[in-house]
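J.: here's my sequence, what's the structure:
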Amino acid sequence: MYVRHLSLTNYRNYGRLELPLSPGPTLLHGNNAQGKTNLLEALYYLATTRSPHAEQDQQLLNWDADASAEPIVVGRLVAHVVTQEEERHLEMRLIKEEKQGQTSFRREALINRRKVRLMDFLGNLRVVLFLPEDIQLITGSPSQRRRYLDITLCQVDPIYCRTLSNYNKLLEQRNALLRQLSEGMGSRDLLPIYDQKLVNLGSLIFARRATFCQAMARESQRIHYEELTDGLESIRLQYMPRLQGNGMPRNTRSEQLIELGTWLQAEQTEEVVIRQRFATELQAVLAQDIARGASNIGPHRDDWRISVNGRDIGSFGSRGQQRSAILALKMAEIHWMKQTTQETPVLLLDEVVAELDEQRRALLLHTVKDAAQALLTATDPGMFTADFLRESVMMLVRNGRIQTTETTQE
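T.: Got it, this is the predicted structure:
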């Protein structure tokens, strides 16, 4: 899989861009704040319908166009994607409208020039994104780690994505009813209906996440042990499903959640068993849910962690250990996507090479060279080897304009 052509209109600092792309590695170089990261963000957005940087989609519109007095501002992201089976024309429109003093914003997704639901847009382009801030997957909040699971799985598994969307909508409805009940209003008659649907949807999410984490744990351990630490350190990715209430002692809560993750992975083919347990636990915490006006267990409270030699790397790992673990995780993600879809995803690397030591850098660049397509950003091309530069397309990015350059060899 690779992107043959990228077109941007009124996107970030690009008023208009037509960019042909080639298979293999492409190095986007130039000073900071010139638009290198925006190109990677555009491809990531076309793959996931989300930005890794903007909190609101309206922030993606070109600044000059958004500040104009035009009643309608349209941003367009278009990619021509080549796969083993076919070629696809993907387009996302970001539309801001002013009507009678009211501002509205909407998105339109098109595949081969036909409008589709956002959910059907996912999976037509698959990417793996490397960012310096990926270390927050270890040090950040559980919501960041859940977001990583969901974005990765939704690029590959449409059933998971639809189930997750339905689960989140149902969760909002159940929580609204719980808040009413906590205030002495509402009817408990709807709770059994909500609970049954929540159990059915949530159990599938539990099962898919458990399977994914199991595969990622196996591959990231192999990469970390064999290729990054020369057999000196062993890492474990451990799934921590919130399939049990808050009655656990705080000092053993993580261990009990990890045990639940192990149980889920052992029972992954028996979804009916997961449903039975989820239903039982949901009833056990019902009084707490009503008192707090929120659902306290379910996949919306899941987490996962990485340990090195048995110690939680988020609490006890060095910065170097954390970077090695994230690199192993991301490379495992590439392997998992390729194994699942029979195609290598497009790799997007934003200023990550500068963060790595020589051994980790060499391993990552070897993976990049073997990919069907990879786009890298850097302020200084000198951090790459001459061999890598010879095999790469070089593009200078300057103030929203792109110029193909050649590598000079002495």
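
J.: what helices or strands is the one helix or strand Glu41 maps to leaning on?
T.: Taking DSSP states H and E as the criterion, the element that holds Glu41 is helix 36-48. Contact partners of helix 36-48 among helices and strands, from 3 or more Cβ pairs under 8 Å, 6 or more residues apart in numbering; DSSP states H and E: strand 2-11, strand 24-29, strand 72-82, strand 87-99, strand 127-130, strand 346-350, strand 373-378. Just so you know, the C-beta spots here come from the backbone N, C-alpha and C atoms, and that holds for glycine as well.

J.: export those as CSV, with columns for mean neighbour count.
T.: Formatted as CSV, those follow (neighbours: other Cβ atoms under 10 Å):
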stretch, mean neighbour count
strand 2-11, 20
strand 24-29, 21
strand 72-82, 19
strand 87-99, 16
strand 127-130, 24
strand 346-350, 25
strand 373-378, 24
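
J.: give the rounded mean pLDDT of the helix or strand hosting Gln214.
T.: In this assignment (DSSP H and E), Gln214 forms part of helix 191-223. The average pLDDT within helix 191-223 is 95.

J.: which SSE is immediately downstream of that helix?
T.: Counting by DSSP H and E, the next helix or strand C-terminal to helix 191-223 is strand 235-240.

J.: show me which residues of that next one are buried.
T.: Using 16 or more other Cβ atoms under 10 Å as the burial criterion, the residues of strand 235-240 that qualify are 235-240.

J.: the closest residue to Ser392 other than its chain neighbours bridge partners, please.
T.: Closest residue in space to Ser392, ignoring its immediate chain neighbours: Pro25 at 4.3 Å, by Cβ to Cβ, 6 or more residues apart in numbering. Pro25 forms beta bridges with Ala374, as assigned by DSSP bridges.

J.: Pro25 contacts Asp370, correct?
T.: No - with the criterion set as Cβ atoms under 8 Å, Pro25 and Asp370 do not qualify as a contacting pair; they are 9.9 Å apart.

J.: where does the stretch 301-410 of the chain have low pLDDT?
T.: Across the stretch 301-410 of the chain, residues meeting the criterion (pLDDT under 70) sit at 406-410.

J.: go with 80
T.: Counting by pLDDT under 80, the ranges of the stretch 301-410 of the chain that qualify are 405-410.

J.: contacting residues for the nearest residue to Asp134 once chain neighbours are set aside?
T.: Beyond its immediate neighbours in the sequence, the residue positioned closest to Asp134 (Cβ to Cβ, 6+ apart) is Ile326, lying 5.0 Å away. When contacts are counted by Cβ atoms under 8 Å, 6 or more residues apart in numbering, Ile326 is found next to 134-135, 137-138.

J.: likewise Ser203?
T.: 271, 274-275, 278.

J.: let me know the closest of these to Asn296.
T.: Each of those was scored against Asn296 by Cβ to Cβ, and Phe278 proved nearest at 12.7 Å.

J.: and the closest one, what element?
T.: When elements are assigned from DSSP H and E, Phe278 belongs to helix 271-284.

J.: next helix or strand past that helix?
T.: Sequence-wise, the next helix or strand downstream of helix 271-284 (DSSP H and E) is helix 286-292.

J.: could you point out the helix or strand that follows that following helix?
T.: Scanning forward in sequence from helix 286-292 by DSSP H and E, the next helix or strand is strand 303-308.

J.: got the contacts of Ile326 as JSON lines, with distance to Asp57, pLDDT and neighbour count columns?
T.: Formatted as JSON lines, the entries for the contacts of Ile326 read as follows, by distance: Cβ to Cβ, whole Å; pLDDT from 0 to 100; neighbours: other Cβ atoms under 10 Å:
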{"residue": "Asp134", "distance to Asp57": "22", "pLDDT": "92", "neighbour count": "22"}
{"residue": "Ile135", "distance to Asp57": "26", "pLDDT": "92", "neighbour count": "16"}
{"residue": "Leu137", "distance to Asp57": "23", "pLDDT": "94", "neighbour count": "21"}
{"residue": "Ile138", "distance to Asp57": "28", "pLDDT": "94", "neighbour count": "21"}
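
J.: any chance of those residues in CSV, plus secondary structure and distance to His53?
T.: Supplementary listing: the contacts of Ile326 in CSV, determined by DSSP: H, G, I helix; E, B strand; the rest coil; distance: Cβ to Cβ, whole Å:
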residue, secondary structure, distance to His53
Asp134, helix, 13
Ile135, helix, 16
Leu137, helix, 16
Ile138, helix, 20
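
J.: can you tell me which residues contact the most centrally placed residue in the chain?
T.: To find the centre residue of the chain, average its C-alpha atoms and take the closest one (Cα atoms, centre = their mean): that gives Ile151, at 3.5 Å. Remark: with contacts taken as Cβ under 8 Å, 6+ apart, Ile151 is in contact with 48, 50.

J.: ok, 10 Å please
T.: Under the criterion of Cβ atoms under 10 Å, 6 or more residues apart in numbering, the contact partners of Ile151 comprise 44, 47-50, 52, 122, 127, 129, 161.

J.: still on that earlier bit, hmm, the residue nearest to Ser392 is touching Ala371, no?
T.: Yes - if you go by Cβ atoms under 10 Å, Pro25 and Ala371 touch, sitting 7.6 Å apart.
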